[in-house]
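Engineer: Just a sequence and a predicted model for now, questions to come.
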Amino acid sequence: LLEAVSLQAELSELTAIIEAPAQGVVVESRLDRGRGPVATVLIQNGRLRQGDIVIAGEFYGRVRAMLDDTGESTREAGPSQPVELLGLNGAPSAGDEFAVAADERSARELAEFRRDKMQKRIQATQQAAKLDNMFANMVEGEKRILKLVVKTDVRGSLEAIVQAMSELGNDEVAVQVLGSGVGGISESDATMAATYGATVFGFNVRADKTAKILLEREGVDLRYYSVIYELIDDVKAALSGMLSPEIREEIVGTAEVRDVFRSPRFGQIAGCMVMEGTVYRNKPIRVLRDNVVIYEGELESLRRFKDDVSDVRSGTECGIGVRNYNDVRAGDLIEVFDTKEIARSL
């Protein structure tokens, strides 16, 4: 593959500009505890030198040091050369373009402009999502949302986690990442989580003292992870717990009405034979006529001879009083059923 690319570049006479201010693309970035923001960049044109003012995405800074692909320090790098860059004031996103700026002032103004533009775009997207959810909920019922604030040590992990979160959920539940970024969990992250009722996830990062005190005081759930799959599994489990349980019915007993008579105390009483299962006094029932449900309700009484009983088993005669229903006829079936809630999962 490399030989084919090299041959194609040679045939197309593709060459890079060497003697010019450097420009290229960010491959990866992370927040190093000792060195601060570190960005891995690939130079596409020009020459990058130590001391240059660089802007990358929403961040800028002066190049304090560069490391080549062997980890050795270097003072300059040319086209097609990947280097680790130290000196930016933040961790840019993978795929962001970087370039050498004329001076620090212009780099700062451009970075602030990009940051403000991105913030407005995020706010507009969140507002549109709120409106979409509001109208959808009016039609389909309320959708349960798991709100998260995610902080990671490197940009690549952050993008992988946010992408995985966007793919979870269904028509009933979903994940909404309210805030995300590279670096430790700060007081602003804790405030956002407390305000919107979100859970805070830290991937290979920790909360500072102020943020931890605020989260504990507000009762916000804070979780730390070092394996992405464990984080995703926990989110899946949380979403599964938010799903409405599946309601299943089980017929536990059927009695056939043999005769109907009246009691001064209980009103209409159906003399029955339990054909299948067990008839329970405290479970819901249906009355069927010609295999069609004509009433659904509860039992008023269940008697065996002159005694009140809680259940009657198959092959046994009993007297059944149906609450608030007086049209039971011989030949009807009284069906006793039970409902169970079955937990669902994604």
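Structural biologist: Here it is on my side, so go on. Numbering: from 1, shown residues only.

Engineer: hang on, L158 in a strand?
Structural biologist: No: residue state for L158 (DSSP: H, G, I helix; E, B strand; the rest coil) corresponds to helix; a strand is not indicated.

Engineer: Report how many residues lie close to it.
Structural biologist: Here the number of neighbours of L158 (other C-beta atoms under 10 Å) works out to 23. (C-beta placed from N, C-alpha, C; glycine too.)

Engineer: Let the chain start at 229 from now.
Structural biologist: Taking 229 as the first residue, the last one we looked at is L386.

Engineer: just checking, it touches G411?
Structural biologist: No: the pair L386 / G411 is not scored as a contact, 10.0 Å apart, by C-beta atoms under 8 Å.

Engineer: Need the residues touching each of those two.
Structural biologist: Taking C-beta atoms under 8 Å, 6 or more residues apart in numbering as the contact criterion, the common neighbours of L386 and G411 are K379.

Engineer: Mind listing residues that contact stretch 385-404?
Structural biologist: 321-322, 357, 368, 371-376, 378-380, 405, 408-410, 429, 431-432, 456, 459-460, 463-464, 467, 470-472, 574.

Engineer: ok, the closest residue to V410 other than its chain neighbours - contacts?
Structural biologist: Once flanking residues are discounted, V410 sits nearest to A319: 4.0 Å by C-beta to C-beta, 6 or more residues apart in numbering. Each residue near A319 by C-beta under 8 Å, 6+ apart is listed here: S257, R258, L259, P265, V266, A267, F287, V382, R383, V410, G411.

Engineer: Roughly how far does A319 sit from A267?
Structural biologist: Plainly put, A319 is 7 Å away from A267 if you go by C-beta to C-beta, to the nearest Å.

Engineer: between the two, what contacts are shared?
Structural biologist: Counting by C-beta under 8 Å, 6+ apart, the contacts common to A319 and A267 are S257.

Engineer: I271: which element?
Structural biologist: Under the assignment given by DSSP states H and E, the secondary-structure element containing I271 is strand 264-273.

Engineer: how long is stretch 517-529 end to end?
Structural biologist: Distance across stretch 517-529, first residue to last, is 21 Å (C-alpha to C-alpha, to the nearest Å).
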